[in-house]
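>>> I'd like to go over a predicted model; first the sequence, then the structure.
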Amino acid sequence: AGRALELARLGSRVGGAWVGDSARQVFASAGRREQLRSDRQLRTTAEVVETLGSMKGAFMKLGQMASYLEAGLDPEVRRQLAQLQADAPPMSTELAASVLEAELGAPPGEVFDTWDPEPLAAASIGQVHRAITRDGRAVAVKVQYPGVDAAIRADLDNSATLLAVIRLAFPGLDADSLVAELRARIGEELDYTLEARNQQMFARYYEGHPSVHVPAVVPELSTRRVLTSELVVGSRYEDVLGWSQAERDLAGETIFRFVFGGLYSMHVFNGDPHPGNYLFHGGGRVTFLDFGLVKWFQPAEVDLLAGMVRAAVTERDDHAFRLAVERAGFLRHDPSLSDAQVAGYFRHYYELVLEDQEVRFSADYASDTLRHFFDAGDPVLKRANVPPPFVVLQRINLGLYAVLAGLGSQGNWRRVAEEVWPWVAAPPSTALGEAEVAWRARTGRLQVGDPTLRRDGVTGA
């Protein structure tokens with residue numbers, strides 16, 4: 001109730017400011033009116049950032065998504081919202097220390113040889129501190145905000161409004177199952193022991209990889225609300241935007257390979273692709289952070305996704321694609337819809353890999369994808385559905401593409417995709433691909449459905 005009241009107060013403050021500014025605009029010149037509108041927008045954004053950042057939890061996550069989903073935002077507004085990606089308002093040093101002491105049994109100064117009380121980064125569920133262990137390892141210690149678990153569960157429990165909005169926007173959607181899946185996945189983020197197992201699995205699988213790095217976990221210093229892992233130093237997303245086009249292309253290729261290669265080789269998807277979860281090192285080397293929202297897929301589920309891609313892209317068979325989409329549960333059968341209509345609607349999501357040519361991820365494509373996803377006027381969308389097992393994958397359309405568009409990454413994505421599609425298994429088309437093939441040969445990592453992987457985060461390799 002208190003969190004809902006805080007949002008209501010925010011709306012009241014923003015609305016009151018809008019009325020006051022609107023009155024002043026009546027007597028202002030055209031240039032002055034534009035300045036007043038711009039100033040009001042920036043003040044409003046700053047207040048939203050401050051409120052959502054201090055509330056933490058699910059509401060702050062919405063603010064994080066807004067910072068990179070809508071490419072049409074004013075650059076200054078996006079800059080302010082981007083503060084929620086990795087620099088949210090932190091909790092006090094004393095509070096962070098008390099959480100760590102409660103979890104590890106002693107204050108930070110006793111647990112670690114060196115402890116930096118100033119957070120390295122602060123996000124929606126916890127904040128990260130630098131430290132040095134008693135045996136001399138530099139580590140990053142993520143400490144969960146006290147009470148954030150109750151706050152997020154309260155946000156998720158108040159799902160009546162969310163269900164109403166979803167049903168209005170997507171009449172054909174199984175809204176109850178979708179919200180239940182979201183609750184389950186977001187609820188998992190609150191358990192750092194589960195995140196630690198996920199991160200260990202990724203770290204072990206990608207050990208020695210030429211371009212993908214996942215920080216190693218320190219299990220003895222990790223609990224349900226504290227996660228300690230290897231400290232990695234690298235450039236953040238906003239810094240990389242000033243790098244050369246060639247470097248940004250390499251970084252984008254690594255992220256693309258990590259997401260889609262992992263889906264087919266590991267049957268797993270790390271479902272939180274936003275700019276704060278990457279560190280960049282040049283030459284295409286990327287460190288991936290935050291494994292709280294991870295979705296494991298059954299082989300049969302991956303086969304359903306593969307069937308859709310084969311029909312839409314490699315075979316270009318509209319009827320086969322329609323059957324594949326219905327089989328996977330993304331569309332309810334409706335004889336009034338033609339195969340061409342169905343293929344035409346869903347083809348947008350495969351646009352970047354339809355042709356064997358160089359394509360750049362652009363802000364326009366990211367924005368078009370978002371608009372396409374919410375185009376309530378499309379007759380196909382009225383019968384479309386998002387099956388619960390694939391809910392998290394929508395973060396590709398609503399998050400990953402925006403990240404790659406921000407980088408402006410260019411490449412022949414069709415050829416890169418054909419390397420990771422098991423029904424094609426094409427030879428490497430880039431230097432990064434050649435390096436990965438050599439790594440697989442050296443380590444025995446399989447390209448498709450590695451059976452040594454288990455959900456408990458342990459590999460047999």
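Right, received. Where do you want to start? Since the model is a prediction, treat every value here as computed from it, not as a measurement.
>>> every contact and neighbour count from this point should use C-alpha atoms.
Fine.
>>> not counting its neighbours along the chain, what's nearest residue 278?
Once flanking residues are discounted, residue 278 sits nearest to residue 288: 5.0 Å by Cα to Cα, 6 or more residues apart in numbering.
>>> so the one you found makes contact with residue 280?
No. At 9.0 Å, residue 288 does not count as touching residue 280 under the criterion of Cα atoms under 8 Å.
>>> in the chain, which spans are strands?
For the chain, the strands defined by DSSP state E occupy 114-115, 121-122, 126-132, 138-144, 212-213, 226-230, 268-270, 278-282, 285-288, 294-296, 359-360, 410-411.
>>> now the ones you listed as a markdown table including mean neighbour count?
Output for the strands of the chain, formatted as a markdown table (neighbours: other Cα atoms under 10 Å):
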| stretch | mean neighbour count |
| --- | --- |
| strand 114-115 | 18 |
| strand 121-122 | 22 |
| strand 126-132 | 23 |
| strand 138-144 | 24 |
| strand 212-213 | 20 |
| strand 226-230 | 23 |
| strand 268-270 | 23 |
| strand 278-282 | 19 |
| strand 285-288 | 22 |
| strand 294-296 | 19 |
| strand 359-360 | 18 |
| strand 410-411 | 19 |
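>>> got a pLDDT number for the closest residue to residue 316 other than its chain neighbours?
Nearest non-adjacent residue to residue 316, counting by Cα to Cα, 6+ apart: residue 310, 7.8 Å away. Predicted confidence (pLDDT) for residue 310: 96.
>>> ditto for the one 10 residues further on
Confidence per residue is given as pLDDT, and for residue 320 that number is 97.
>>> quick check: the gap between it and residue 303.
From residue 320 across to residue 303, the span is 14 Å (Cα to Cα, to the nearest Å).
>>> ok, now residue 275?
Distance of residue 275 to residue 303, given as Cα to Cα: 30 Å.
>>> what's the answer for residue 231, then?
37 Å.
>>> with residue 284 instead?
Counting by Cα to Cα, the gap from residue 284 to residue 303 is 30 Å.
>>> more crowded one of these two?
Neighbour tally, residue 284 and residue 303, criterion other Cα atoms under 10 Å: the higher count belongs to residue 284, 20 against 15.
>>> thinking that one is in contact with residue 256, fair?
No. Using Cα under 8 Å as the test, residue 284 is too far from residue 256 to be in contact (11.2 Å).
>>> where along the stretch 51-200 of the chain do the helices fall?
Ranges of helices within the stretch 51-200 of the chain are 57-69, 75-86, 93-104, 108-111, 148-157, 160-169, 175-189, 192-205, based on DSSP state H, counting those that start in this stretch.
>>> how many residues are close by residue 94?
10.
>>> distance-wise, check it relative to residue 397.
Counting by Cα to Cα, the separation of residue 94 from residue 397 is 40 Å.
>>> likewise residue 403?
10 Å.
>>> looking at the two, which is more packed in?
Neighbours were counted for residue 403 and for residue 397 using other Cα under 10 Å; residue 403 has more, 24 against 15.
>>> low-confidence ranges in the stretch 151-300 of the chain?
153-185 (pLDDT under 70).
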